[in-house]
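1. Provide a 3D model corresponding to the input given below.
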Amino acid sequence: PSLYSDVLRGIKILPGVTSNNELSSAYNVRGGNFDENLIYLNGYQIYRPYLLRIGVEENQSLVNPDLTESVNFYSGGFPARFGDRMASVLEVNYLGDQSGDFRGVARGDFFNLGIALHQVSGKVNWSFGARYANPETFLNKLQTSGNYRPRYSDLQFLLNYQPTKKSRFQLFSLYANNDFDLTPKLWKGNFKFGQYDVRGVDIDYQGNQGYTFQTGLLAAKWEHQRSSHMQFFFSAAGFFSKEDENRNLTGDIFYIPNAREPWQERQYLKTRIETVENQLQLSNYDFQAGLMKQIGKHRLHSGISFKYNKLKNNIDELFEESSEGNLLEPVQRLYQNWTIDFNQLEWYGEDQFSAGSKIQINAGIRFLYYAYTLEKLVSPRLSLLYFPADKHSLY
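-> Below is the predicted model:
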C-alpha cells in the first residue's frame, strides 16, 4: 500500500534495498545514492525517473504498472550490456506479444486514475496507457499547511509490427507532465527541553512556490532473426526533459515560549526571503546496434551505442535573512547560465553459459569513451549463479 500505484515503490522491499522516505519512490542499494541506480524501460535508459527534492515534492515514476510485463532487478554484478552505474540495474519491459483480440483495465481511487488498453490485430499489436494522479487530499494533512496542488499525468504508447516471421518493428513513446503548486502558508514545530518544558516555532509564509517537470521519449527499434541461433537489432531514441523551479517566498519566524499554551503571544525572531528561478533542459539521442549468437552452450551478446547529450542549465537564486532592520546573513546570490554537450561511445561483449546443471556464469567486458572529459574506461564484469536446490539460488 502506498500513496501512488507505482512499480518502483515495490523495489524498496527487496533484499539490499533501503529508503528513508516512504513518500518517495527513490531507493538506495547497498548504501549507494539513488542516482547510482540505472533504470531501463523497454531497453531505453530513463533519466530522472523520479523527480525528487523532498518526499512530498514527488509524483509517480514513469513506469506504468498496467503496461508492465516483466521486471528484472540486479542489485550488483549486472551484465556488461548495462551501463556504468555502481549500485543496481532495474530492467522493465512492457507488454509484447499478447493473447486475445482486445482487452483493457481501468482503475481509480481517491488519488489516482488510470486506463490501459491492448489489442492484437494480425501482424500488429499495440498497448496504450494513461494515468492521472492528484494527492492533494493527503498532502493537506502534513505538518506544513498550505495550498498544495500537485498534479501528475502521462501518456504511453507501444506498437509492435511483425511484417515477417523473422522481423519485428517496434515504436515506443511517452509523455509525462508534473505540476507542483506547493505554496506553504504555515509551518508549526515543537521541541522539548524537559518533560514539561515544550516550546515551539511557527513560520508564516507569504508568496508562491511551484515546480514543473516535463518528460518525453520517442524510440524505434528493428529486430531481425537471422536464424534460430542468431539475431540482431538497431534502435534510435530521443529523450527530452525540461524542469522549471520558481519560488518567491517570505517567511516570518516566531518563537513560542510555551507550546502547551500556543494561544500566548508569539515572539518575532527573523524573516527569511527566498527567490528562485531555475530551468534545466536535457536532450539525449541514443543510437544502438546489437547482436546475439548462440554457439553450443554459450549465448554471446555484443553491441555498440553512441549517445549525444545536450544540457542547458540556468540557475538564479537569492536568499536573505533579516530581523527588525538588522541583516543577520548577507544576501546570497547564485547565478549560472551554461550549455554543455557531453557525448559518449560504448561497446560491450558478454558470454552467458552454464557449467553443469547448477552453475550459470556471465562474463563480459564494457568499454566507454566520454568525449567531454576525454576519459576512457574499461569495465570487466563476472557473475556466478549457483542453484543448490530448485527453490534456492546463491548469486
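2. which residues of the stretch 101-250 of the chain fall in strands?
-> Ranges of strands in the stretch 101-250 of the chain, per DSSP state E, counting those that start in this stretch, are 102-108, 112-121, 124-133, 144-164, 167-192, 198-227, 230-256.
3. I'd like these as JSON lines, with mean neighbour count and mean pLDDT appended.
-> All C-beta spots, glycine's among them, are computed from the backbone N, C-alpha and C. Putting the strands of the stretch 101-250 of the chain into JSON lines (neighbours: other CB atoms under 10 Å; pLDDT from 0 to 100) gives the following:
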{"stretch": "strand 102-108", "mean neighbour count": "12", "mean pLDDT": "90"}
{"stretch": "strand 112-121", "mean neighbour count": "17", "mean pLDDT": "90"}
{"stretch": "strand 124-133", "mean neighbour count": "19", "mean pLDDT": "92"}
{"stretch": "strand 144-164", "mean neighbour count": "17", "mean pLDDT": "83"}
{"stretch": "strand 167-192", "mean neighbour count": "17", "mean pLDDT": "87"}
{"stretch": "strand 198-227", "mean neighbour count": "17", "mean pLDDT": "90"}
{"stretch": "strand 230-256", "mean neighbour count": "17", "mean pLDDT": "92"}
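4. adding distance to residue 268, write the ones you listed out as JSON lines.
-> Below are the strands of the stretch 101-250 of the chain laid out as JSON lines (distance: least, CB to CB, whole Å):
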{"stretch": "strand 102-108", "distance to residue 268": "47"}
{"stretch": "strand 112-121", "distance to residue 268": "42"}
{"stretch": "strand 124-133", "distance to residue 268": "39"}
{"stretch": "strand 144-164", "distance to residue 268": "20"}
{"stretch": "strand 167-192", "distance to residue 268": "15"}
{"stretch": "strand 198-227", "distance to residue 268": "10"}
{"stretch": "strand 230-256", "distance to residue 268": "6"}
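5. out of those strands, flag the one nearest residue 267.
-> The closest of the strands of the stretch 101-250 of the chain to residue 267 is strand 230-256. By CB to CB, the value is 4.5 Å.
6. could you point out which element follows that closest one?
-> Downstream of strand 230-256, the next assigned helix or strand under DSSP states H and E is strand 267-295.
7. buried residues in that next one?
-> 269-272, 274-276, 278-282, 284, 286, 288, 290, 292 (16 or more other CB atoms under 10 Å).
8. over to stretch 7-23?
-> Per 16+ other CB under 10 Å, stretch 7-23 contains these buried residues: 7, 8, 9, 11, 12, 17, 19, 23.
9. before we move on, the earlier item: nearest to residue 45, out of the strands of the stretch 101-250 of the chain?
-> That would be strand 230-256 among those, by CB to CB, at 7.6 Å.
10. who are the contact partners of residue 292?
-> Counting by CB atoms under 8 Å, 6 or more residues apart in numbering, residue 292 touches 230, 231, 232, 299, 300, 301.
11. once you drop chain neighbours, what's closest to the last one?
-> Just to be clear, that refers to residue 301. residue 350 (4.8 Å; CB to CB, 6 or more residues apart in numbering).
12. again, but for residue 101
-> Nearest to residue 101 is residue 120, by CB to CB, 6+ apart, at 6.0 Å.
13. isn't the one you found right up against residue 127?
-> No - using CB atoms under 8 Å, residue 120 is not in contact with residue 127; the gap is 10.1 Å.
14. wait, which of the contacts of residue 292 is closest to residue 204?
-> residue 301 (59.9 Å).
15. report how many residues lie close to the closest one.
-> Using other CB atoms under 10 Å, residue 301 has 18 other residues around it.
16. any idea which helix or strand carries it?
-> strand 298-323.
17. what about that strand, average pLDDT?
-> Here strand 298-323 scores 92 as its mean pLDDT.
18. just the CA atoms of the helix or strand just after that strand, as PDB, please.
-> Next in sequence after strand 298-323, counting helices and strands by DSSP H and E, comes strand 326-341. Taking C-alpha atoms only, strand 326-341 is exported to PDB below (Å, rounded to 0.1, in the frame of the first residue of the first chain):
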ATOM      1  CA  ASN A 326      19.300  44.100  11.100                       C
ATOM      2  CA  LEU A 327      20.800  41.900   8.400                       C
ATOM      3  CA  LEU A 328      21.500  38.600  10.000                       C
ATOM      4  CA  GLU A 329      23.100  37.000   6.900                       C
ATOM      5  CA  PRO A 330      24.500  38.800   3.900                       C
ATOM      6  CA  VAL A 331      22.500  38.400   0.700                       C
ATOM      7  CA  GLN A 332      23.400  35.100  -1.000                       C
ATOM      8  CA  ARG A 333      23.100  35.300  -4.800                       C
ATOM      9  CA  LEU A 334      23.800  32.400  -7.100                       C
ATOM     10  CA  TYR A 335      23.600  32.800 -10.900                       C
ATOM     11  CA  GLN A 336      24.800  30.400 -13.500                       C
ATOM     12  CA  ASN A 337      23.900  30.000 -17.200                       C
ATOM     13  CA  TRP A 338      25.700  27.400 -19.300                       C
ATOM     14  CA  THR A 339      25.200  24.900 -22.000                       C
ATOM     15  CA  ILE A 340      27.400  21.700 -22.500                       C
ATOM     16  CA  ASP A 341      27.500  18.800 -24.900                       C
END
